[in-house]
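In: Fold the following for me, if possible:
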Amino acid sequence: MNSIITLICCIVLPILSLRQIKPKLCVDCKYFVTDNKDGKFAKCSLFPTKGGRVNYLVTGINEEEYYYCSTARDSTNMCDLEGKMYKKKYVKKVNEVNKE
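Out: The predicted structure is shown next:
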């Protein structure tokens, strides 16, 4: 009986260990707004700050302000470490051939 369990573990565990979990990176997200430098101060367009709306009421200029990506990933109310609100930036388009 022990040899059967050992044999199953020798077959199943290596197969499961081959599956790599790819992290959800903000750079690959649809809502990522670059800072045109090294990305340290990149922002997330999904989470606007309240400061932008308040300034609009005062100046009349609509300047959207967003939270930094690092803040959004650190907060459980926003994206969190798992990237709950992550959406892929690029989606593969499949060309369909019309049959006539």
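
In: So what does the residue nearest to Asp35 when sequence neighbours are not counted have for phi and psi?
Out: Take Asp35 and drop its neighbours on the chain: the residue closest to it by Cβ to Cβ, 6 or more residues apart in numbering is Phe41, 4.3 Å away. In short, each C-beta sits where N, CA and C put it, glycine included. When read as degrees, to the nearest 10, the backbone of Phe41 gives phi -110, psi 30.

In: Repeat that for the one 4 residues further on.
Out: Backbone torsions for Ser45, taken as degrees, to the nearest 10, come to phi -70, psi -10.

In: and Leu46, how many neighbours does it have?
Out: Using other Cβ atoms under 10 Å, Leu46 has 19 neighbouring residues.

In: thought the residue nearest to Asp35 was touching Tyr68?
Out: Yes: with contact defined as Cβ atoms under 8 Å, Phe41 reaches Tyr68; the gap is 6.3 Å.

In: sec struct for the residue most central in space within the chain, please.
Out: For the chain, the residue nearest the mean C-alpha position is Tyr86 (3.4 Å; Cα atoms, centre = their mean). Judged by DSSP: H, G, I helix; E, B strand; the rest coil, the three-state class of Tyr86 is coil.

In: Quick check: it touching Cys29?
Out: Yes: using Cβ under 8 Å, Tyr86 is in contact with Cys29, at 5.3 Å.

In: just the helices in this structure please.
Out: Secondary structure of the chain (DSSP state H): helices at 2-18, 50-59, 69-74.

In: Make a markdown table out of the ones you listed and add distance to Asn36, mean neighbour count and mean pLDDT.
Out: Shown next, in a markdown table, are these (distance: least, Cβ to Cβ, whole Å; neighbours: other Cβ atoms under 10 Å; pLDDT from 0 to 100):
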| stretch | distance to Asn36 | mean neighbour count | mean pLDDT |
| --- | --- | --- | --- |
| helix 2-18 | 38 | 9 | 74 |
| helix 50-59 | 20 | 11 | 70 |
| helix 69-74 | 14 | 19 | 90 |
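
In: can you tell me which of these comes nearest to Val33?
Out: For Val33, the closest of the helices of the chain is helix 69-74, at 8.5 Å, according to Cβ to Cβ.

In: Residues in contact with the closest one: which ones?
Out: Applying Cβ atoms under 8 Å, 6 or more residues apart in numbering, the set of residues contacting helix 69-74 from outside is 26, 32, 42-44, 46-47, 78-81, 83, 85.
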